[in-house]
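[1] I would like the atomic coordinates for the input below:
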Amino acid sequence: MEYLLSFLRTLGRHNDREWFEKNKSKYLKARELFDTFVFELYDDLVEVDESLAGLNPRKFVFRIYRDVRFSKDKRPYKTNFAAAFSRVGKGLGSPGYYLHIEPGNKSFVAGGLYRPAADDLARVRQEIDYNGQVLRKILTDKNFKKWYDGFWDGDQLKTIPRGYPKDHPEAGLLRLRSFITSHEFTDAAVNEKKFRKSVVNAFAAARPLDGFLNEALS
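    Numbers count the residues shown, from 1 in each chain. Predicted structure coming up:
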């Protein structure tokens with residue numbers, strides 16, 4: 001993975017179309033290495049979550065080109081490689097798994113559900129209301145806690161949503177608008193031979209969470 005990280009570091013210093021076009025062959029090599037990693041990871045992941053079987057792993061990988069139409073940041077390229085695995089490919093709206101490779105110790109994996117639509121969010125909250133103890137058991141499981149420290153809390157309501165009592169025992173979970181948990185990797189860890197195995201193990205630890213969320217949406 002060192003070639004990937006090295007290419008992305010250099011891209012971060014020369015994030016313009018002229019440099020990119022002159023070094024397109026280096027990008028294509030880095031992209032091929034990442035694609036190969038994703039395809040191999042997908043084979044492993046199907047063993048963890050059989051609901052992903054039969055999908056095209058090529059559709060999991062995100063483009064490196066940034067959409068700058070509505071952004072003040074006009075740099076044309078992302079400085080990471082990323083892929084998302086779910087029943088709907090890399091699309092949002094379905095519980096799944098996310099892989100992000102970025103130099104500077106910014107690589108991470110994640111599991112869960114990001115910003116579901118209003119109806120789906122209501123379904124997840126209803127499931128938490130009915131079976132909050134099941135979700136708590138998942139979040140406090142030994143294997144889950146080995147990789148994750150609860151949910152990302154950067155996306156939540158200031159107060160409990162309408163329709164639930166203020167003293168609800170799962171008020172903190174009901175306030176969430178995304179149900180994402182993540183684990184970070186250093187550059188050194190990304191370069192280790194066991195990195196893919198570590199990613200698979202991290203995804204396996206998130207599997208019960210995705211199961212709970214899929215059940216809520218079914």
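
[2] other SSEs contacting the helix ranked longest in the chain?
    In the chain, with assignment by DSSP state H, the single longest helix is helix 24-48. Applying 3 or more CB pairs under 8 Å, 6 or more residues apart in numbering; DSSP states H and E, one finds that helix 24-48 contacts helix 2-13, strand 81-86, strand 96-101, helix 195-217. (Each C-beta comes from the backbone N, C-alpha and C, glycine too.)

[3] Next up, the contacts around Phe37.
    Met1, Arg196 (CB atoms under 8 Å, 6 or more residues apart in numbering).

[4] end to end, how far does stretch 143-151 reach?
    End-to-end distance of stretch 143-151 (CA to CA, to the nearest Å): 15 Å.

[5] How far does stretch 185-205 sit from its chain's centre?
    14 Å (CA atoms, centre = their mean, to the nearest Å).

[6] With stretch 78-98 instead?
    Chain-centre distance of stretch 78-98: 6 Å, with CA atoms, centre = their mean.

[7] quick one: buried residues of it?
    Neighbour counts over stretch 78-98 (16 or more other CB atoms under 10 Å) mark 78-86, 89-90, 94-98 as buried.

[8] Out of these, which is nearest to Asn15?
    Thr79 (7.1 Å; CB to CB).

[9] That closest one in helix, strand or coil?
    coil (DSSP: H, G, I helix; E, B strand; the rest coil).

[10] Which residue lies closest in space to it, excluding its sequence neighbours?
    Gly12 (4.5 Å; CB to CB, 6 or more residues apart in numbering).

[11] and among the helices and strands packed on helix 24-48, the most buried is which?
    The highest mean neighbour count among the helices and strands packed on helix 24-48, using mean count of other CB atoms under 10 Å, belongs to strand 96-101: a mean of 24.

[12] Quickly run through the sheet partners of that one, with directions.
    When sheet partners are counted by DSSP bridges, strand 96-101 sits next to strand 81-86 (antiparallel), strand 107-113 (antiparallel).

[13] Would you mind listing the outside residues contacting that strand?
    1, 4-5, 8, 34, 38, 41, 45, 49, 80-87, 106-111, 113, 190, 199, 203, 206, 210.

[14] cool, stretch 77-90 as well?
    Outside stretch 77-90, the residues touching it (CB under 8 Å, 6+ apart) are 4, 8, 11-12, 15, 20, 30-31, 34, 38, 41-42, 45, 51-52, 55-56, 59-62, 64-66, 91, 94-103, 106, 203.

[15] if we can go back for a sec, nearest approach to Thr140 belongs to which of the helices and strands packed on helix 24-48?
    helix 195-217 (11.3 Å).

[16] for that closest one, the distance to its chain's centre please.
    Using CA atoms, centre = their mean, the distance between the centre of helix 195-217 and that of its chain works out at 10 Å.

[17] now stretch 124-144
    19 Å.

[18] buried set for it?
    Val124, Arg125, Glu127, Ile128, Gly132, Leu135, Ile138, Leu139, Phe144.

[19] follow-up on the earlier one: can I get the strands paired with strand 96-101 in a markdown table with distance to Lys72?
    Compiled in a markdown table, the strands paired with strand 96-101 are given as follows (distance: least, CB to CB, whole Å):
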| stretch | distance to Lys72 |
| --- | --- |
| strand 81-86 | 22 |
| strand 107-113 | 25 |
